[in-house]
Structures are given as structure tokens and as C-alpha cells.
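In: After the sequence you'll find the predicted model.
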Amino acid sequence: MHGLASDRLYGIFATDETQLQNSRGNPEVGRGLAFQREPFSAGDTMTDQGSSRPSDASIDKRFATSVLHGLSMRPRRIASKWLYDDEGARLFEEIVASPAYYVPRAEKAILSEYAAEISGAVGRGLGLLELGSGASSKVRILLDQLESLRCYVPVEISEAQLLEAAEEIRRDYPHLPVFPIVADFTERFDLPRAAGEGPLMVFFPGSTLCNMLPGDSVAFLRRMREVVGPAGFFLAGVDLKKDEETMLRAYNDPGGPIWRFNLNILERLNRELGCELDPAAFRHEAIYNREAGRIEAAIYPNADQTMALDGGQFVLPEGEPIVLEYSHKYRIEEFQALAREAGWLPREAWTDRDRLFSVHLLAS
């Protein structure tokens, strides 16, 4: 779960339409991930807090287009980046606090134990770019250890959460320049000049990278290698393969925060797109696909539903899934092979003591 709401292991299982298809080896995949080490683009707006964000109208259009595309596929799908409206971000904080959801606790334990080692490995004077920053919680462990940081650039799709977290970081680290960016990090956005004035490290916690299909992970990692340049680093959380009971317990919670988090997409569809759905007529369920090595989470109509969208209607048959999320699980050597395929040099991998989770440092 797309830190604590930066634990977006639950956040970007299928981040956009290209990631809804297995695309290993397809050079077209990932072209939307065109980050630029330049000033903010003319298509963005600057707030007085120094953040960049797309217009509300452009978000609504992309949301409608994405939903139309996903519901036309089989199985039907909705890109899970759309789960993160302000209410979704709030609900995700509840997921992170739930006892069965091991990711944030395991990852924080790793970072707390090895932050000084990470700092020694990456050196001084970095710019730090965090993708899916959420509440900017775990990054504080790094901020306390990394030496002479040049700037911190949190990127988050939930504007309210981003701006609140950025203000707290500014207050607690008064000498650190902070440049929050409201953006879907799977799409193009521009970095502030300060990020391009020296070496850069991308921090991607919470296993969000595992939410992408393996081919899309490779494409994403290639893009990130272009972003950080020849002397950069990538620090990522990666969920490990483990017993199925532990995994399924983390993703199935009838009536609990995971259930409410996923069903909240129906409230957003009604509010923003006028879809006229009854959230009480759906349920959430997650399964483990052994062959693909991933958790697959979906919502299911409990009876046939009719959904209004863009002047037309979709029939959603009883029991037919609408897939929201994938979460691939890796062995350490499997993920390192993906990183090498994308041109990265794996430098180190750390695990918690129960070997539930891992943090990988890659060098460009």
C-alpha cells in the first residue's frame, strides 16, 4: 500500500493504462514518466507555498478517461492512483496503523537500523526526491542522517496531505529547502532547479514499485535512472515473498480500513463523475496469485449494477471483479535482476529481522 501514507504498496498496483497490461520489453511503456530536471513546466501552477500542481479540470478529464478505458477491459479495472483523493489518503493512514499491515513497521525498522549506513553509502550534498510522499513520516529517518542535504522534493497526488506534511517538514528542518509537488508521479512533471544542481537520490518507500507489473517496473526504473543522472541513487522499499497467510491477512479486512479504502473509489466516482453507484452493494476481496507471485485486490458487485458514465451506461455483473490493485512479491535476487535490466547497479539490500520486507539501494 501507494508514508506513513507513503506506504503506497496499496497505492499504485496498476498506475495507469499502460500498467494494466503486461508490457515487459515494450519500449513504449513508461513514456508518461518523462521527468525533467528543469524549472516547473508552463502547464503547472505555483502556489504561495512553493508547490506545483495540475489544474482541477485536467485531473477530472484524466479521471473520466482512465475509468472509461479501464471499465472497457476484461477484467474491468480502475487505476488505483484514483483511490487517493483526500478521503482515500486519510483512510490509508488507518490501513498503515492496522496490526496486520506489516509494511510500514518492517520498513521503518529497516530504515532506523541502517539509516547511518545508507548515509555513508550515498555521501554528502544530495537532493532528495520522494515519490508518493504522503505524510512524509519515514523520510524523517533519512533527513536526520543524510549529510548536507541540498533540498527535499516530496511528490504526492493528495494536495491537502502534501502541503500539510511539507509545512511540518519546513518547521522541523528550518534550514532545508522544501519544494512540494502535487502530481501523479507516473506522469510527466518537472523538478525545481535546486534538484538539478547536483547529485540526486529518489526515495520510493512502501513497496509501491511492486504495485507495477514487472515490465513496467523496469521501464519506471529506467526513467528514474535518467532523472538522477550518472552519480545518483534510488532507495526503494520492496515487499518479499513469504507465507500466504501473512500476506492475505494484510490485504483482507472485511469492514476495516482496507475494505473502506477501496470502496471509497465508488464515492469518488459518484461525486466527481455522477456514476450513481451504491457502495453498500459492493465488497472488497484480495487473493494471492501464486503463478504471478502477487496479491490481486478487487471490488465485486453483490448484485448486477448499472453505472452511468459519460452519457452512457456500464452493466457491472454480480460477482465480476473490478481490479484495483496488484502487489508483486519478490525475492531479493529477483528484484535485483529487474534493477540490472533497467541499468542500475544494486549496491545493498537490507531486510527486517523477520524478513518480511526489504529496502534496496541502487546506484546509477
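Out: All right, it came through fine.
In: going forward, measure contacts between C-alpha atoms and count neighbours the same way
Out: Fine.
In: Could you give the bridge partners of Q305?
Out: Using DSSP bridges, the beta-bridge partners of Q305 come out as L316.
In: CA atoms only for stretch 218-234, dumped as CSV, please.
Out: What follows is stretch 218-234, C-alpha atoms only, in CSV (Å, rounded to 0.1, in the frame of the first residue of the first chain):
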residue,chain,number,x,y,z
VAL,A,218,11.8,-1.9,-15.4
ALA,A,219,10.5,1.0,-17.5
PHE,A,220,10.0,3.1,-14.4
LEU,A,221,13.4,2.3,-13.1
ARG,A,222,14.9,3.3,-16.4
ARG,A,223,13.2,6.7,-16.2
MET,A,224,14.4,7.1,-12.7
ARG,A,225,18.0,6.5,-13.8
GLU,A,226,17.6,9.3,-16.3
VAL,A,227,16.2,11.6,-13.6
VAL,A,228,19.1,11.0,-11.1
GLY,A,229,21.9,11.2,-13.7
PRO,A,230,25.2,9.4,-13.6
ALA,A,231,26.0,9.9,-9.9
GLY,A,232,22.6,9.3,-8.4
PHE,A,233,20.8,6.8,-6.3
PHE,A,234,17.5,5.1,-5.9
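In: for the record, mean pLDDT for it?
Out: The pLDDT scores in stretch 218-234 average 94.
In: which parts of that stretch are buried?
Out: Within stretch 218-234, the residues scored as buried using 16 or more other CA atoms under 10 Å are 218-225, 227-229, 232-234.
In: Need these in a markdown table (columns: distance to K81 and secondary structure).
Out: Formatted as a markdown table, those follow (distance: CA to CA, whole Å; DSSP: H, G, I helix; E, B strand; the rest coil):
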| residue | distance to K81 | secondary structure |
| --- | --- | --- |
| V218 | 19 | helix |
| A219 | 18 | helix |
| F220 | 16 | helix |
| L221 | 18 | helix |
| R222 | 21 | helix |
| R223 | 19 | helix |
| M224 | 19 | helix |
| R225 | 23 | helix |
| V227 | 22 | helix |
| V228 | 24 | helix |
| G229 | 27 | coil |
| G232 | 27 | coil |
| F233 | 25 | strand |
| F234 | 22 | strand |
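In: I'd like to know how many residues surround V67.
Out: Residues lying near V67 (other CA atoms under 10 Å) number 20.
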